[in-house]
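**Student:** next come a sequence and a model predicted from it.
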Amino acid sequence: MVVRAVGQGIKCSVLQFLKANPENLGEYRTFKKLGVEWENFGQGFLWDQKDLGPTTDLCKKGWESFKKKAESKSYGLIVLDEFTYVLTHGLLDSDEVISYLSSHIGKEDFPHVVITGRDAPSALVDIADTVSRIDEVKHHFRTNGGKTIRGIEF
């Protein structure tokens, strides 16, 4: 969606939550070449963290950055990458996020918002105008002992 929007001259931004080191990601490198703004608000996988306090603080900072960008009337598309996990793990208040989004979505000059991640809260699904679900049937990560492949996972 970002590539399509950029191709139409629409200003885009990606706010990535939870993941660390975006400079290692192929999509980061590509989007930067295309002039897409990218901000990272993560320290890595949640299961690797003993204290979620710093990650929670980053998520709050990312949410505030999103609201500032969304209200600036400068963007046509903003992606909140891995954001469903922020909500399902209670790193941000889901009710507050959903209330904010539902009161702004559809307003003139409010950007299209794409939220990625699995297991979106049902209230988020309810206010969305488009929901896609990708179901894993088989994945090499599970069949090859958990090895990641450059260009596929990152």
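**Tutor:** Nice, I can see it. Residues are numbered from 1 along each chain as shown.
**Student:** quick check, residue 116 in contact with residue 83.
**Tutor:** Yes: when contacts are counted by CB atoms under 8 Å, residue 116 is listed as touching residue 83 (6.7 Å). Placement of C-beta: from N, CA and C, glycine included.
**Student:** all helices of this structure, in order?
**Tutor:** Under the criterion DSSP state H, the chain contains helices at 2-7, 26-33, 53-71, 83-88, 94-104, 122-127, 140-143.
**Student:** mind showing which ranges of the chain have poor pLDDT?
**Tutor:** Counting by pLDDT under 70, the chain contains low-confidence ranges at 46-47, 49, 52.
**Student:** okay, which residue is most central for it?
**Tutor:** The structure's the chain has its C-alpha centroid closest to residue 81; by CA atoms, centre = their mean the separation is 1.3 Å.
**Student:** verify the contact between it and residue 66 for me.
**Tutor:** No: contact between residue 81 and residue 66 fails when scored by CB under 8 Å: they sit 11.1 Å apart.
**Student:** about what we covered before: which of residue 116 and residue 83 has more neighbours?
**Tutor:** residue 83 (28 against 17; other CB atoms under 10 Å).
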